[in-house]
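1. need a 3D model of the sequence below.
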Amino acid sequence: MAWKTLRKATDIPFLLIGLLMTIYIGFAAFGFTSNSSEHYSNFILGIVMMTGLLAVRNLCDEKLGIADPETEMIRPIRPFFWPRMVFAVVGLVMATIAMGYVRLNAQQLEVSQPFFNETDMIFGWMMTISILMLTFIHWGWLLTTVVSIAIAYFFLGYKIENPLFVTPQYSPEFVMNYIGLGTNQGFYYLAQVAADAIYFLIIYAAILLGVGMLDMVLEVGKSTGRRLPGGAAGPALIGSGIVSSIMGQAVSNVVLTGRLTIPMMKRYGYSGPMAGAIEATASTAGQIMPPILGLAAFIIASFLNLPYIDVALSAMIPGLLYLVGVGIAIVIYARRHELPKLTEKVDREMIIRLLPTFVISFGVVLWLLLGYRSPAIAGMWGIIIALGLAMFQGKYRPKWTRLYSAMEEGFYLVAILSLLLIAVGPLGQVMLTTNLSGRLGAVLVQYLPDSQLLLLLGAMCVSLVLGMGLPTPVAYLIVALALVPFMQQIGVPPLQAHFFVFYFAVFSTLTPPIAVSVLAAAKLADASFLKTAGESMKIALTTFIIPFAFVFSPELMTFPNLTWAVVPPLLEVLLIQLTVSIACYGHVFRNLRGWERWTIGLAAFAGFLGMTDQGNIFFLAQAALFLPMCAYAFVTRQKKAPEAAA
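-> Residues are numbered from 1 along each chain as shown. Alright, predicted model coming up:
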């Protein structure tokens with residue numbers, strides 16, 4: 001009973017603060033705010049209070065055996081329960097007191113920076129330590145360690161003897177100013193993005209799920225799956241792709257949709273590893289598809305000083321090519337294994353009833369963003385229209401309890417994602433203030449070979465390694481700060497350079513040894529992690545070429561201002577995706593022998609070299625290898641080829 005009381009004692013203030021924050025951010029979107037230092041201090045104060053309360057509430061749920069709302073699985077009671085509870089309460093209290101002090105003295109701190117007195121510094125350290133404590137609770141030790149090392153480097157970098165990494169000897173007050181006590185840098189660095197851009201879009205996404213969008217898009221996926229071989233993957237590809245484009249979080253989406261799509265795929269003949277791989281790769285699409293792009297679009301827009309919608313629209317064609325590549329791989333796999341079409345009954349009435357809620361509200365959001373209205377205004381209108389239209393969904397009208405849960409989920413998502421952006425602020429600040437990113441770029445240019453393709457392949461490997469185990473926005477931020485200056489020095493335009501490292505930071509969720517999306521999908525599929533990762537890599541090979549394509553053919557990122565110049569690179573990418581999938585799964589008109597697959601694999605490699613400006617001779621080699629092999633397979637299709645490993 002005591003734990004239920006404590007949970008309620010945290011639940012009510014969490015929801016109340018979330019509601020007050022939403023009203024406050026809504027007024028701020030229309031310009032009814034105090035000066036920026038007070039405004040963003042209010043925002044950070046609200047977020048640390050919400051995440052602190054969430055930490056305590058989650059521990060109460062663990063004690064009571066209440067399911068995690070993200071996974072709908074019962075939380076096991078882990079070791080060191082009481083130390084973790086004390087840690088959470090201390091983090092909540094310290095963060096509230098420290099940010100309360102900063103908020104009350106925001107204007108004075110802004111004016112006096114960096115000449116802080118002793119009291120200011122004490123509360124600055126309290127703020128720093130408590131935010132790191134909350135980050136550890138919600139985002140784990142790896143991110144907390146990375147940010148802590150960055151802060152320590154800012155204070156102690158002058159002691160390093162290596163000339164590449166040494167910094168001037170800054171005073172503690174100077175450093176604390178840039179960590180966040182100055183109220184416009186450090187922890188505040190990306191807090192503006194969280195408050196002004198993502199807040200209402202995330203709540204809008206949660207509301208869409210609450211009014212039934214997930215059920216509707218899965219029905220649309222079923223409808224498509226009834227027309228194609230292996231159609232059981234349709235709900236995963238279409239449903240997960242659409243839902244994750246709104247949610248913008250791969251692992252959460254795997255858990256959300258995979259519980260429904262993976263068992264369906266297995267019933268229709270997909271192996272467990274392949275079912276998990278399809279769900280993982282489809283859910284990852286949301287991080288590179290507009291409008292959210294896993295929060296990175298907002299950070300890219302901030303770095304490049306561009307309107308968010310321009311950055312998001314630039315990602316449209318590459319994002320669609322990602323989905324097409326995954327679709328091609330699924331179809332070829334299904335044809336090789338002679339998988340049937342989907343026979344599940346489609347609830348067409350649900351689609352008809354729910355489609356207007358999604359299409360109209362999303363259309364209004366997109367129209368407002370295209371008109372360069374703020375994401376906050378667009379998100380608010382999306383919420384209002386979605387809730388209004390949901391009342392006319394007939395028997396599919398959501399119950400008030402479901403809407404309440406959706407709003408609670410929205411507060412939860414916006415709190416932990418905002419904490420993420422607040423926490424990584426000092427990391428970006430350190431790289432910029434110490435000019436570490438510029439110095440790294442200069443060294444890389446000096447020592448690496450003078451070949452743009454080889455340099456990009458090196459940047460790809462670094463992005464995949466640095467992205468392992470970190471949340472995508474953090475992985476992107478680290479890689480962007482470390483590599484984008486270097487990429488610009490070798491001639492890559494700024495927008496393409498940011499998207500190149502962002503794509504491979506996203507792909508790190510699919511590549512071993514960490515592959516967090518694959519790990520979640522493998523658990524749901526009751527399959528081996530390594531086998532699922534292997535299948536994910538086969539599918540992902542059709543998408544790894546996309547960042548190289550838009551670097552060497554910037555026309556692919558000119559949506560919606562398209563010209564005929566976009567057609568050749570578009571066809572090149574599609575042809576390479578087709579050849580890669582045929583080589584990986586060994587089927588075109590019939591199952592292929594080993595030497596035939598290797599020949600088509602060489603054709604895909606030749607196409608890749610041609611696409612990356614290595615010479616038109618490679619396009620000719622691709623055609624000379626691929627077309628005769630396809631013709632030979634077509635002519636001999638009645639003769640069953642020996643089975644080869646798929």
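
2. CA only for contacts and neighbour counts going forward, please
-> Fine.

3. got phi/psi on Ser591?
-> Actually, residue 591 is Asn rather than Ser. Dihedral pair for Asn591: phi -70, psi 140, per degrees, to the nearest 10.

4. just give me the neighbour total for Glu338.
-> Using other C-alpha atoms under 10 Å, Glu338 has 12 other residues around it.

5. who touches it in this structure?
-> Residues in contact with Glu338, defined by C-alpha atoms under 8 Å, 6 or more residues apart in numbering, are 229-230.

6. name the SS class of it, please.
-> coil (DSSP: H, G, I helix; E, B strand; the rest coil).

7. ok, Pro79 next?
-> Strictly by three-state DSSP, Pro79 counts as coil.

8. now Gly18, nearest residue through space, not along the chain?
-> Sequence neighbours aside, Phe411 is the residue nearest to Gly18 in space, at 5.9 Å (criterion: C-alpha to C-alpha, 6 or more residues apart in numbering).

9. what helix or strand is the one you found on?
-> Take DSSP states H and E as the rule and Phe411 turns out to sit in helix 400-433.

10. buried set for that helix?
-> 403, 406-431 (16 or more other C-alpha atoms under 10 Å).

11. tell me what that helix is packed against?
-> Using 3 or more C-alpha pairs under 8 Å, 6 or more residues apart in numbering; DSSP states H and E as the contact test, the elements touching helix 400-433 are helix 2-29, helix 36-64, helix 118-156, helix 191-193, helix 199-210, helix 472-489.

12. out of those, which one sits most buried?
-> Ranked by mean neighbour count under mean count of other C-alpha atoms under 10 Å, those are led by helix 199-210, which reaches a mean of 26.

13. angle of the next helix or strand after that helix against helix 199-210?
-> Counting by DSSP H and E, the next helix or strand C-terminal to helix 199-210 is helix 213-225. For helix 213-225 against helix 199-210, the angle by axes from the mean of the first three to the mean of the last three C-alpha atoms, to 10 degrees is 60 degrees.

14. what's in contact with helix 213-225?
-> 231-239, 242-243, 257, 341-342, 344-348, 350-351, 354-355, 358.

15. using PDB, write out every CA atom in that helix.
-> The C-alpha trace of helix 213-225 is given here as PDB (Å, rounded to 0.1, in the frame of the first residue of the first chain):
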ATOM      1  CA  MET A 213      -3.100   5.400 -35.900                       C
ATOM      2  CA  LEU A 214      -1.000   2.300 -35.200                       C
ATOM      3  CA  ASP A 215      -4.000   0.000 -35.700                       C
ATOM      4  CA  MET A 216      -5.000   1.900 -38.900                       C
ATOM      5  CA  VAL A 217      -1.500   1.800 -40.500                       C
ATOM      6  CA  LEU A 218      -1.200  -1.900 -39.700                       C
ATOM      7  CA  GLU A 219      -4.500  -2.500 -41.500                       C
ATOM      8  CA  VAL A 220      -3.100  -0.600 -44.500                       C
ATOM      9  CA  GLY A 221      -0.100  -2.800 -44.400                       C
ATOM     10  CA  LYS A 222      -2.300  -5.900 -44.400                       C
ATOM     11  CA  SER A 223      -4.200  -4.600 -47.400                       C
ATOM     12  CA  THR A 224      -0.900  -4.200 -49.300                       C
ATOM     13  CA  GLY A 225       0.300  -7.600 -48.100                       C
END
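
16. and stretch 104-120, how far out from the chain middle?
-> Mean-position distance between stretch 104-120 and its chain equals 36 Å (C-alpha atoms, centre = their mean, to the nearest Å).

17. for stretch 456-463, that is, sorry about that
-> On the basis of C-alpha atoms, centre = their mean, stretch 456-463 sits 19 Å off its chain's mean C-alpha point.

18. equivalent analysis for stretch 122-141, please.
-> 23 Å.

19. same thing with stretch 541-548?
-> So, by C-alpha atoms, centre = their mean, the centroid of stretch 541-548 is 17 Å from its chain's centroid.

20. how far does it stretch from start to finish?
-> End-to-end span of stretch 541-548 (C-alpha to C-alpha, to the nearest Å): 12 Å.

21. circling back: could I get the helices and strands packed on helix 400-433 as a markdown table with mean pLDDT and distance to Val588?
-> Listed next are those as a markdown table, based on pLDDT from 0 to 100; distance: least, C-alpha to C-alpha, whole Å:
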| stretch | mean pLDDT | distance to Val588 |
| --- | --- | --- |
| helix 2-29 | 87 | 54 |
| helix 36-64 | 89 | 51 |
| helix 118-156 | 91 | 44 |
| helix 191-193 | 86 | 47 |
| helix 199-210 | 87 | 39 |
| helix 472-489 | 80 | 36 |
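
22. of the ones you listed, which is nearest Pro307?
-> Checking the helices and strands packed on helix 400-433 against Pro307 by C-alpha to C-alpha gives helix 191-193 as the closest, at 12.1 Å.

23. dump whatever helix or strand Ser536 lives in to PDB, keeping only the CA atoms.
-> Using DSSP H and E, Ser536 sits within helix 529-540. Provided in PDB are the C-alpha atoms of helix 529-540 (Å, rounded to 0.1, in the frame of the first residue of the first chain):
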ATOM      1  CA  PHE A 529      20.900 -12.100 -32.000                       C
ATOM      2  CA  LEU A 530      23.800 -12.900 -34.400                       C
ATOM      3  CA  LYS A 531      21.500 -14.500 -37.000                       C
ATOM      4  CA  THR A 532      19.100 -11.600 -36.700                       C
ATOM      5  CA  ALA A 533      21.900  -9.100 -37.100                       C
ATOM      6  CA  GLY A 534      23.200 -11.000 -40.100                       C
ATOM      7  CA  GLU A 535      19.800 -10.800 -41.800                       C
ATOM      8  CA  SER A 536      19.600  -7.100 -40.900                       C
ATOM      9  CA  MET A 537      22.900  -6.500 -42.500                       C
ATOM     10  CA  LYS A 538      21.800  -8.200 -45.700                       C
ATOM     11  CA  ILE A 539      18.800  -5.900 -45.800                       C
ATOM     12  CA  ALA A 540      20.800  -2.800 -44.800                       C
END
